[in-house]
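Peer 1: Requesting a structural model of the entry that follows:
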Amino acid sequence: MVDLNDGSKHSPRLVDTRMHPSRTSPTLSDIARSANVSKSTVSRVLNGKSVVNSATRQTVLETMKMLGYSPNISAQSLASGRSLTVGVLTQKIGSPFYDAILQGVIEGLRDTAYCPLFADGQWEAEAARKAVQTLLGRQVDGLILLGCDLGEEAMTALCDQVPVMVVARKVIGLEHHCVAVDNREAAREAVEHLISFGHRRIATIT
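Peer 2: Sure, this is the predicted structure:
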């Protein structure tokens, strides 16, 4: 809101700047003043680098919405050296298996300052390589690779460039970067469980 009092006898007029795109957008100082918090607190809420009291965070977010504040992502990236994006390479967009994982990624990033960028490797090494290069060209701050047909050397080199997590695959030498299920062990435990109940005729549907 802007006070347009011109010194006349009339009461000051308060104009909602959200209705006037040409006017200057609200600043962090404006938000801090309206929310009765420090400018650094507003900054922490925006960049998500440190913990902010949930009630204070909610107040700041509501104030931003009320003032019509839209963060300048490009400016934030330039100032912080981060793009606030996470590259996600899947192998089959639309697959029930990968869709469930992608939904988990979206949910995990929901309350952070980060946004996911998705690419499809189509279970082809060359397609995966190009997709990864495209994501790196977008200056992503990290990569989540679902499956991925890249070789172990390429994966190791990739880990030297950006933070990487590999899902549903084990890469020798990069075990601490991998999240995977031991399908053989899981199958053994499932069969043993059924046998313990006296079942003998066991079928598998894949």
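Peer 1: alpha carbons only for contacts and neighbour counts from here, please
Peer 2: OK.
Peer 1: now the strands: where do they sit in this protein?
Peer 2: In the chain, strands defined by DSSP state E lie at 2-3, 14-15, 85-90, 115-120, 143-146, 164-167, 178-179, listed in chain order.
Peer 1: now these in a markdown table, with mean pLDDT?
Peer 2: Formatted as a markdown table, the entries for these read as follows, by pLDDT from 0 to 100:
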| stretch | mean pLDDT |
| --- | --- |
| strand 2-3 | 40 |
| strand 14-15 | 39 |
| strand 85-90 | 94 |
| strand 115-120 | 93 |
| strand 143-146 | 94 |
| strand 164-167 | 93 |
| strand 178-179 | 88 |
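Peer 1: now those strands in TSV, with distance to Arg201?
Peer 2: Rendered in TSV, the data for these read as follows (distance: least, Cα to Cα, whole Å):
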stretch	distance to Arg201
strand 2-3	77
strand 14-15	76
strand 85-90	36
strand 115-120	39
strand 143-146	34
strand 164-167	33
strand 178-179	32
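Peer 1: can those go into TSV with extra columns for distance to Phe197 and mean neighbour count?
Peer 2: Output for the strands of the chain, formatted as TSV (distance: least, Cα to Cα, whole Å; neighbours: other Cα atoms under 10 Å):
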stretch	distance to Phe197	mean neighbour count
strand 2-3	74	11
strand 14-15	73	12
strand 85-90	38	24
strand 115-120	42	18
strand 143-146	36	24
strand 164-167	33	20
strand 178-179	31	17
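Peer 1: Quick one: closest of the ones you listed to Glu192.
Peer 2: Checking the strands of the chain against Glu192 by Cα to Cα gives strand 178-179 as the closest, at 24.4 Å.
Peer 1: The closest one pairs with which strands, and in what direction?
Peer 2: strand 164-167 (parallel) (DSSP bridges).
Peer 1: got the CA coordinates for stretch 150-160 in PDB?
Peer 2: What follows is stretch 150-160, C-alpha atoms only, in PDB (Å, rounded to 0.1, in the frame of the first residue of the first chain):
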ATOM      1  CA  LEU A 150      25.200 -44.000 -17.400                       C
ATOM      2  CA  GLY A 151      28.400 -46.000 -16.800                       C
ATOM      3  CA  GLU A 152      30.100 -46.100 -13.500                       C
ATOM      4  CA  GLU A 153      33.000 -43.800 -14.600                       C
ATOM      5  CA  ALA A 154      30.500 -41.300 -15.900                       C
ATOM      6  CA  MET A 155      28.600 -41.500 -12.700                       C
ATOM      7  CA  THR A 156      31.700 -40.900 -10.600                       C
ATOM      8  CA  ALA A 157      32.700 -37.900 -12.700                       C
ATOM      9  CA  LEU A 158      29.200 -36.500 -12.300                       C
ATOM     10  CA  CYS A 159      29.500 -36.800  -8.500                       C
ATOM     11  CA  ASP A 160      32.600 -34.600  -8.700                       C
END
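Peer 1: So, low pLDDT: which residues of the protein?
Peer 2: Within the chain, the segments meeting pLDDT under 70 span 1-24, 49, 72-80.
Peer 1: can you pull out the helices in it?
Peer 2: Using DSSP state H, the helices found in the chain span residues 28-35, 39-47, 54-67, 73-80, 96-109, 125-137, 152-159, 183-196.
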